[in-house]
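> Sequence first, then the predicted structure, then my questions.
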Amino acid sequence: MKRIFTISGLLLFCFFFINTAFAQNTVVKGRITDATTGESLTGVTVLIKGTNLGTQTDASGAFSISAPANSTLSISYVGYTATEVAATGIVSIKLLPAANELQQIVVIGYGTQRKVDNTGSVATVKGADVAKEASQNALSSLQGKVAGLNIINNGQPGASPQVSIRGLGSIEGSTSPLYVVDGVWYDDITFLNTADIETVTVLKDASSTAIYGIRAANGVIVITTKRGVAGKPVINYNGYVGWQKATNLVKMADATEYATAINELYTYTGQSPVLFSDPASYGTGTNWYNQILRNAFTTNHDLSISGGTTNNIYNVSFGYLDQDGIVKTNNYQRYTLHVSDDYKIANIVKIGFTATGLSSESTDINGGIFHQIYSAAPTLPVFYKDGAYGDPNDYHTGNGNNFNPEATIDFFHQKSRNKRFTGNVYAEWSILKELKFKTSFGGDIGQAEVRNFTPIYYATLAQQSTVSSLDITHTETRNWIWENTLTYDKHIKDHRITVLAGYSAQDYTTYFAHNYAQNVPNVSSGSLRGSYPDSVKNASQTVTPAQQPHVRTLSTFGRVNYSYKDTYLLNASLRYDGASPFYYGNGNNAFGYFPSVGAGWVITNESFMKDQHVFSNLKLRGSYGQVGNSNVPINLSSKVITSDPAYLTAIFGGVPYLGSSVNTVVPPITYWEKAVSIDAGIEGAFMNNKLSFEADYYNRNTDNAIFAIPIPASVGTASGSIEGNQAKIRNRGGEFSITWRDQPSTDFSYSVSANLGINNNKVINVITGNNPIYSGGNGVANGALATRTVQGQPIGQFYGYKVIGVFQTTTEISKSKQTAAIPGDFIYQDTNNDGVVDSRDRVVLGNPNPKYNYGINTSFTYKRFDLALDFQGVADVSVYNANIAYRFGNENFTQDFYDHRWHGAGTSNTYPSVNVGSNANAAPNSFYVESGAYFRVRNAQLGYTLPGSIMNNWGVQKIRFFANAQNAINLFGYKGFNPEVGGAVGNLGIDANVYPLYATYNFGVNVTF
């Protein structure tokens, strides 16, 4: 009820503005489209000629403006020829594309630039294309839309996807890009509502990113949010309701099959008697996926109002998201508020601000619930007839699946709350016509809290608690950035030059506290200060406050852009960065230079191309640059001293004395990683810009990458390794995109675009040679490690034994090199032919880094209908299915494994017996490595816009209804839930507890007043 009152109040507030804004002038309504393709044009400026009063078109190209009688409207849009129309009645305007689409404006670091002047690799996605998908995070909506952008989604409501640009360039450091929102730097954009985004620009090469220096090695994503336009208030409402349904669920063995398999396991492992005397008596048993998962409700509502006067424009928006998870009890709610205001004090001074507020709360789930419903015994009932929970101990199924998943979710009480305020204020002074100074100050204040309460309860013998407890984790962030830029922009005949000089200072701090207390009553309200009820004043309480490294940076930077006759282009930039975490010793490592240079040649602007009719435009470009990655382990050169009494206690005269020891070996100096890259590209268009294309080749080397090298245990270290800047990592590949736009008739238009990114990742050099880093223990039994990073190979490749068959008889085993095996075990290849199968026989099994990322995006309009279909996929990538052997006892099996398992001589030579969890069979091997390639219909949306005659009667500009399906069709061969498997570097692609893939279906409406 509170939500209804809140939204209703906002609607009344907005209608108040509507009623006060209508003047006595003539109301002119219309729609603006591309004259060539018929595509609706969003953001076209419509001004009353001779004034600064006007408006902009909405997502469907529609506009409405109140204008004096006999006045004229001036229509302008970047990349199109300006036009004028009489301000009367209802108008339909078709804009002609400018002769050269390279005149369009693109966002770059610290400003904008004509596309013709850009020498870097830059991709732009409109906010309307981001908002049309049913994704609660804007980054998920970019999947398949930008070549070279790899996105791995996390199905958890409120979670952010993993994002990388042009491959992984670090092992120990961050691989995520820098996010710049309205000039402020962020590590994530979870605070943003997709409906508030105007454009998303992905800067991929060093020529584009070097202006951001120390934080740009992984690429930069620049986001601009919506601002107001002078004119009467325009109100937009966008909302939808729908549901999410788990797809591609892995079918598990039923109770009879499970009991049969466990009896086999007891026989193979020599246990007696068998566990289930009559497997058939259990029937199909419990389907734990049906019990724990659900069709999840989701709804989203966005309301905005924008407008203003000649001197003051504003935009205010409110968003509400309510998303249930596909696991019962899981829910995420988010409220957002976005406000922007720009005020012109005089013709030469402009000030403004942007502010975004976020408040979210989630009811969380146990992190291991998906492993539980995968493993739980189907012979176990959810509840007994008396209402008690089914107890695995009554069935003696062992510790491996000693849980009832229903009890797990029923007694897991955890809430996560997040409050965040971000934004910036700015002032801009036009000192001269060509000279402009801008200063801006922005930041981020956030508070996050996770409250986990465990009550006193008894569900099963293993799932009970005799003491209540409350665990609170509290995190606060404080981040501010102050930037000042001076820009000189001059156009003299055939010469165009833009010079930028700037100074920046930034401060980032995180505060962390962990509190724990027992014998606590459940007070669910809590606060974001980590408080406890008064009743626990005498309870055991632990407070562990900590302040993360206080990072301060100081920077100066500059850039020169020059073009001659819009044909010959030059772009050069230099940034000088200093960061406090690296200021130790003599301080020489705290500062660094990050230069870049780019050049371009617009061939179609040459005189010898004037009479050709093949290319609408054709441009060659290339760039070189250096950027940094400061998000790496800091102060590795600090030695750590331990006083562990377990092994540092000496006895003298019968008295114990605690000693201390240095337990780490560290390099003398550690500093940030540096990426050096080159990029060469070609852009072009044919047939009056109907067909356009772009292609890039890139090579990016991460120099001085931090790399851990194993060292002998005899040295006496705790970690067994030494880390330092001693490796080089290369990402090399190509990117291609092509778009076709056409309008065969006045009623029908369409566009089809496709993109492909190719990346090859390799560790080129390690100073200490071929010493590997072993990782990937997530979900792998017996402490084994399934990935290896080594010189000459990709980061985190899967590494283990090659399976060449399955032992059928004891006679076969006695003649083999694995005499300790039993029938049904894997036969491993003796790679080095030394007559022994051991760790030296391990080989490369697969690569979790996708070589190919691709997307296909289409749009069609027929009269008032519109249809958008987006497709996306990856290829040449591997996934490690750790779920199969992630066993500690009598866990369940998949239907596929049960049907194909070895259960007697001659039954299978590819699948092992049900003893798959044994040390020998669970060792990392080729059986668990599968193709992670997939193709999906990422998004499908059908819309219908009501005729203008109906809308006029209702007093609105536009009403559009739509139906949307996301991830409804998924094609892949992987035997797990979802081949889209993320993870940290070294654990990437290991599927041990992945959130199942789900499809989203919703219905919504867009209304513009």
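Good, I have the coordinates. Numbers count the residues shown, from 1 in each chain.
> quick check: mean pLDDT across stretch 966-981?
The pLDDT scores in stretch 966-981 average 94.
> Now it: buried residues?
966-968, 970, 972, 974-981 (16 or more other Cβ atoms under 10 Å). Backbone N, C-alpha and C define where each C-beta goes, glycine included.
> What is the nearest of those to residue 293?
residue 977 (11.2 Å; Cβ to Cβ).
> For the closest one, give its distance to residue 853.
Between residue 977 and residue 853 the distance, using Cβ to Cβ, to the nearest Å, works out to 21 Å.
> And residue 691, by the same measure?
23 Å.
> before we move on, what about residue 843?
Taken as Cβ to Cβ, the span from residue 843 to residue 853 is 27 Å.
> Over to residue 388?
Residue 388 is 51 Å from residue 853, by Cβ to Cβ.
> Look at those two and report which has more neighbours.
Neighbours per residue (other Cβ atoms under 10 Å) separate residue 388 from residue 853, with residue 853 holding more: 26 against 12.
> Now do the buried residues in stretch 288-305.
Under 16+ other Cβ under 10 Å, the buried positions of stretch 288-305 are 288-289, 291-294, 296, 298-305.
> Of those, which pair is most distant in space?
Checking the buried residues of stretch 288-305 with Cβ to Cβ, the most distant pair is 288 and 305, at 48.0 Å.
> Okay, now the unreliable bits of the stretch 151-300 of the chain?
Flagging of the stretch 151-300 of the chain using pLDDT under 70 yields an empty set of residue ranges.
> ok, now the stretch 501-650 of the chain?
For the stretch 501-650 of the chain (pLDDT under 70), the answer is 523-549, 584-588, 635-650.
> the strands in it, which residues?
541-547, 551-564, 568-579, 591-602, 615-629, 641-642, 649-652 (DSSP state E, counting those that start in this stretch).
> out of those strands, which comes closest to residue 283?
Nearest to residue 283, of all the strands of the stretch 501-650 of the chain, is strand 541-547, at 48.8 Å by Cβ to Cβ.
> Let me know the distance separating residue 481 from residue 429.
20 Å.
> Apologies, that question was intended for residue 366.
56 Å.
> host element of residue 243?
Using DSSP states H and E, residue 243 falls within strand 231-246.
> Report the buried residues of that strand.
231-240, 242-246.
> do the same with stretch 799-817
Result for stretch 799-817 [16+ other Cβ under 10 Å]: buried residues 799, 800, 801, 802, 803, 806, 807, 808, 812, 813, 816, 817.
> Closest one of those residues to residue 141?
Of those, the one sitting nearest to residue 141 (Cβ to Cβ) turns out to be residue 799, at 35.1 Å.
> can you pull the contacts of the closest one?
The neighbours of residue 799, taking Cβ atoms under 8 Å, 6 or more residues apart in numbering as the test, are 774, 786, 787, 788, 842, 843, 844, 845, 924.
> how about the helices of the stretch 151-300 of the chain, start to end?
206-209, 255-268, 288-292 (DSSP state H, counting those that start in this stretch).
> Likewise for the stretch 401-550 of the chain?
Under DSSP H, counting those that start in this stretch, the stretch 401-550 of the chain gives helices at 405-410.
> likewise the stretch 701-850 of the chain?
Per DSSP H, counting those that start in this stretch, the stretch 701-850 of the chain carries helices over the ranges 810-814.
> Nearest to residue 400, out of the strands of the stretch 501-650 of the chain?
It is, among the strands of the stretch 501-650 of the chain and with distance given as Cβ to Cβ, strand 541-547, at 32.0 Å.
> still on that earlier bit, with the buried residues of stretch 288-305 in mind, which one is nearest to residue 997?
Lowest distance from residue 997 to the buried residues of stretch 288-305 (Cβ to Cβ) belongs to residue 293, with 12.0 Å.
> what about residue 976, is that helix, strand or coil?
Classification of residue 976 by DSSP: H, G, I helix; E, B strand; the rest coil places it in coil.
> from now on call the first residue 23
Understood, numbering begins at 23; the last thing we discussed is residue 998.
> Quick check: it touching residue 901?
Yes - between residue 998 and residue 901 there is a contact at 6.9 Å, judged by Cβ atoms under 8 Å.
> what is in contact with the two at once?
Common neighbours of residue 998 and residue 901 (criterion: Cβ under 8 Å, 6+ apart): 952, 1013.
> Spatially central, which residue of the protein would that be?
For the chain, the residue nearest the mean C-alpha position is residue 183 (2.7 Å; Cα atoms, centre = their mean).
> Who's the closest spatial neighbour of residue 720, skipping the chain neighbours?
Setting aside the residues directly before and after it, residue 720 is nearest to residue 701 in space (Cβ to Cβ, 6 or more residues apart in numbering), at 4.7 Å.
> Go ahead and confirm that neighbour touches residue 718.
Yes - counting by Cβ under 8 Å, residue 701 does reach residue 718; the two are 6.0 Å apart.
> joint contacts of these two?
143, 226, 227.
> hey, where'd the strands end up in the stretch 273-422 of the chain?
318-330, 334-346, 353-368, 371-385.
> packing partners for the first one?
Identification of packing neighbours for strand 318-330 by 3 or more Cβ pairs under 8 Å, 6 or more residues apart in numbering; DSSP states H and E yields helix 24-43, strand 253-268, strand 334-346, strand 1020-1030.
> list the contacts for residue 955?
895, 896, 897, 898, 899, 994, 995, 1001.
> Could you check how far it is from residue 995?
Distance from residue 955 to residue 995, by Cβ to Cβ: 7 Å.
> hmm, back to that, the residue nearest to the centre of the chain and residue 177 touch, don't they?
No - the pair residue 183 and residue 177 fails to qualify as a contact (Cβ under 8 Å) at a distance of 9.9 Å.
> what's the spacing between stretch 833-842 and its chain's center?
49 Å (Cα atoms, centre = their mean, to the nearest Å).
> what does that stretch rub up against?
With contact meaning Cβ under 8 Å, 6+ apart, stretch 833-842 is reached by 829, 843, 844, 845, 847, 849, 850, 852, 857, 858, 859, 942.
> Highest neighbour count among these?
Going by other Cβ under 10 Å, residue 850 tops the contacts of stretch 833-842 with 25 neighbours.
> Can you name the residues that contact it?
823, 824, 825, 826, 840, 859, 863, 947.
> and if you look at residue 236?
Listed by Cβ under 8 Å, 6+ apart, the contact partners of residue 236 are 575, 577, 597, 599, 601, 614, 616, 649, 650, 651, 652, 694.
> Tell me what the residue nearest to residue 720 is bridged to.
Bridge pairing for residue 701 (DSSP bridges) gives the partners residue 645, residue 720.
> Quick one: neighbours of it, just the number.
25.
> dump the residue contacts of it.
Contacts of residue 701 (Cβ under 8 Å, 6+ apart): 142-143, 226-229, 643-646, 718-720.
> now, which of those sits nearest residue 118?
residue 643 (26.6 Å).
> Could you measure from the residue nearest to that closest one when sequence neighbours are not counted over to residue 582?
Once flanking residues are discounted, residue 643 sits nearest to residue 622: 4.0 Å by Cβ to Cβ, 6+ apart. Applying Cβ to Cβ, the value for residue 622 to residue 582 is 14 Å.
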